[in-house]
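1. Compute the structure for the input listed below.
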Amino acid sequence: MATAFLSTAITSLPSRLSSSPSSSSSSSSLTKQALDYPHRHNNTRKLLTICKSISDPSPPTPILTKRALSLCSITSLFFSLAGKGCSIANAAILEADDDVELLEKVKQDRKKRLERQGAIDSSKEEKGYLQELVYKLSKVGQAIDNNDLSAASSVLGGSTDADWVKKANKAFTKLSSSPEEKSQVDTFNSSLASLISSVTRNDVESSKIAFVSSASAFEQWTTLTGLIEQLKGL
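-> Numbers count the residues shown, from 1 in each chain. Okay, the predicted model is just below:
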């Protein structure tokens, strides 16, 4: 602001002098005074220097001491270690949670296996029905392989209302617990109906396809339930 003020004053000075009636004498007088008093020039330079320092101050340069640098380094190291410590702690918490969930899952699976084994061990009658089913399928398979559909028909009984079929489904219902097991039972019953129908029509090729489908579904069911090692002939 001071520099602008001085610049304005210097710019307007000639016009003021020229408009004054005694401009020549005043100008001569001012020149004489400037020559007679050189110390005023020094005062003006000092004034300009002061004004410049006021109008355009320079920010002080920060001084970093060894102590300040040490404090900065220690602070940075502290926050770095703190961040790593939090990350390690979070990872440990997540790992512990995973271990707990895994342990709980193992316990639940073991509980289910024990319950299943207990149900199988106490289902002697149902296992007898299933053993009869194995014998029936074995005989039907041999008859179809020999193209003797008449013998296969006599074993099957001619319809899904046969007594051995009802008993087998009773065992299926009691020992099936998971959706996968129940799905295999549905596949077996559907394939068995196709097998009986194909044998009744004396269609050898369709009978073979239906037999394979029935036998595969039953084998899958015994694998899922754990009965595959308890039934003979599989």
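2. Show me the shaky parts of the chain.
-> 1-97, 109, 112-115, 117 (pLDDT under 70).
3. nearest spatial neighbour of Ala151, skipping sequence neighbours?
-> Sequence neighbours aside, Ala143 is the residue nearest to Ala151 in space, at 4.0 Å (criterion: Cβ to Cβ, 6 or more residues apart in numbering). (C-beta placed from N, C-alpha, C; glycine too.)
4. any idea how far Ser150 is from that neighbour?
-> 8 Å (Cβ to Cβ, to the nearest Å).
5. who has more neighbours, those two?
-> Applying other Cβ atoms under 10 Å to Ala143 and Ser150 shows that Ala143 carries more neighbours, namely 21 against 10.
6. Identify all contacting residues around the strand or helix carrying that one.
-> Using DSSP states H and E, Ala143 sits within helix 124-145. Helix 124-145 is contacted from outside by 120, 149-152, 155-156, 164, 167-168, 170-171, 174-175, 195, 199, 204, 207-208, 211, 214-215, 218, 222, 227, 230-234, using Cβ atoms under 8 Å, 6 or more residues apart in numbering.
7. Show the buried residues in the residues you listed.
-> 120, 149, 151-152, 155-156, 167-168, 171, 175, 195, 199, 207-208, 211, 214-215, 218, 222, 227, 234 (16 or more other Cβ atoms under 10 Å).
8. Looking at the residues you listed, which are in helices?
-> Secondary structure from DSSP state H places 120, 149, 151-152, 155-156, 167-168, 171, 175, 195, 199, 207-208, 211, 214-215, 218, 222 of the buried ones among the contacts of helix 124-145 in helices.
9. Tyr129: neighbouring residues, count only.
-> When neighbours are counted by other Cβ under 10 Å, Tyr129 registers 20.
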